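1. 3D, please:
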Amino acid sequence: MYTANIADTVMFRNLWKHPSPHLQSLKSAVEGAGTEVWVPAAVYHEPADTGSAGSPTNPCLDAVIEEGRLQVAPPLPGDRTEGFESSAGPVEKARFIADEFLNQQSKYPETNDWQDAAVVALAVRLFDANARIRVVTHTADENLAKACARIPPEFGYYDIKSRYYNPLQTAKLEFPTVGQLTWNE
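-> So this is what the prediction gives:
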């Protein structure tokens, strides 16, 4: 059974500046667990700098991607301003359901990040594309952790765990370990 790990941007911000002992811990954990860490394209672009060249660079993630420890998923369908059609697929529906859930939980729904909903949608995309898969999500956002645990089962995907890191500093010690990247029964 394949275990995919999906991480929110906050897991990398200010923690994984290259070079870093945390990057080495993550590399060792990914190799030891025989897994991959994924981020949605929207999460990759969130802290990215387009600079003068026009192509984005992400100082938090590029070194990890280049070394093969992180996969950036292709962009997800859907546009927050357009809504979705009843004929939309599960990935697009999951993103809108997650966005609605996150907006209901937020004190400031108009500023809720569409990127957060992409984490939930990526989980559904990975389930949809793989017959034998388990997904573990990693975030320091409590509401996103709840959305990750609740929404994929609405689409029939139950092999999901959502790991919530609070306070965020615990991610430095807990996230880049084999135990956090594997499925512990």
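2. only C-alpha atoms for contact and neighbour calcs from this point on.
-> OK.
3. quick one: the helices in the protein?
-> Along the chain, counting by DSSP state H, helices occupy 21-33, 41-45, 62-66, 90-105, 114-129, 142-154, 170-174, 178-181.
4. Show me where this structure dips below the pLDDT cut-off.
-> For the chain, the stretches with pLDDT under 70 are 14-19, 47-54, 109-112, 185.
5. hmm, back to that, and the helices of the chain, which is most packed in?
-> Mean neighbours per residue, mean count of other Cα atoms under 10 Å, is largest over the helices of the chain for helix 114-129, with a mean of 23.
6. Name the residues that touch that helix?
-> Here helix 114-129 makes contact (Cα atoms under 8 Å, 6 or more residues apart in numbering) with 6-8, 39-40, 42-43, 46, 73, 76, 80, 90-92, 94-96, 98-99, 102, 133-135, 137, 144, 147-148, 151-152, 155, 157.
7. Stretch 94-106 now?
-> Residues outside stretch 94-106 that contact it (Cα under 8 Å, 6+ apart): 78, 80, 83-84, 109-110, 112, 114, 116-118, 120-121, 124, 143-144, 147, 151-152.
8. Next one: residue 165 from residue 131, what distance?
-> Using Cα to Cα, to the nearest Å, we find residue 165 at a distance of 29 Å from residue 131.
9. what about the two, which has more around it?
-> It is residue 165, of residue 165 and residue 131, that has more neighbours when counted by other Cα atoms under 10 Å, with 19 against 10.
10. Check the gap between the residue nearest to that one when sequence neighbours are not counted and residue 84 for me.
-> Once flanking residues are discounted, residue 165 sits nearest to residue 140: 4.7 Å by Cα to Cα, 6 or more residues apart in numbering. Computed with Cα to Cα, the distance linking residue 140 and residue 84 is 28 Å.
11. Neighbour count for the two, which is higher?
-> Between residue 140 and residue 84, counting by other Cα under 10 Å, residue 140 is the more crowded of the two (21 against 16).
12. who touches that one in this structure?
-> Contacts for residue 140 (Cα under 8 Å, 6+ apart) come out as 8, 10, 11, 164, 165, 166, 167, 168.
13. how near is it to residue 181?
-> Separation of residue 140 from residue 181 (Cα to Cα): 15 Å.
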